[in-house]
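# A predicted structure for the sequence below; I have some questions about it.
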Amino acid sequence: MKKDKHTTEEQWSQILTPKQYYVLRQKGTERPFTGEHNNNFNKGTYHCAACGQILFDSNTKFDAHCGWPSFDKAIEGSVEYIRDLSHGMIRTEVICSNCHSHLGHVFPDGPKETTGDRYCMNSISLKFIPANSK
């Protein structure tokens, strides 16, 4: 089955683990410093855990000391942005452009020497593919 924005929520609930479903489809957030990719600085690419679309290159990952994997740039066209007014804040939600799964948020407090952006992503929303596995 092709997994994209046309996949039903019932299908997603069968494909994803309950924790993945909570974050990716219900816009949840994993606890800081608990995700498997927070301290991963190996070379490779990060893909959407729901549909597999490539999202980030490891060269754009940095340690923001926030408890979630942080990147300063997404692969062009891989994500979409939604204004998020939840929890009494004004934020920008980041979703996969292929399947519309929730990945995290982007903030304007990233490294100024690059883009100035900090893509604060949930580890559970990402699948890491090492560079040497291709």
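Good, I have the coordinates. Residues are numbered from 1 along each chain as shown.

# Let me see the ranges of the helices in the chain.
9-15, 18-20 (DSSP state H).

# Redo the ones you listed as a markdown table? Include mean neighbour count.
The C-beta positions use only the backbone N, C-alpha and C, and glycine is treated the same way. Formatted as a markdown table, those follow (neighbours: other C-beta atoms under 10 Å):
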| stretch | mean neighbour count |
| --- | --- |
| helix 9-15 | 13 |
| helix 18-20 | 13 |
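
# can you list the ones you listed in JSON lines and add distance to residue 83?
Listed next are those as JSON lines, based on distance: least, C-beta to C-beta, whole Å:
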{"stretch": "helix 9-15", "distance to residue 83": "22"}
{"stretch": "helix 18-20", "distance to residue 83": "24"}
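
# Throw those into CSV and include distance to residue 132 and mean pLDDT, thanks.
Converted to CSV, the helices of the chain look like this (distance: least, C-beta to C-beta, whole Å; pLDDT from 0 to 100):
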stretch, distance to residue 132, mean pLDDT
helix 9-15, 28, 94
helix 18-20, 26, 96
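
# between those helices, which one is nearest to residue 28?
helix 18-20 (8.3 Å; C-beta to C-beta).

# what about that closest one, distance to the chain center?
Distance of helix 18-20 from its chain centroid, counting by C-alpha atoms, centre = their mean, to the nearest Å, is 14 Å.

# What is it packed up against?
Contacting helix 18-20 under the criterion 3 or more C-beta pairs under 8 Å, 6 or more residues apart in numbering; DSSP states H and E is no other helix or strand.
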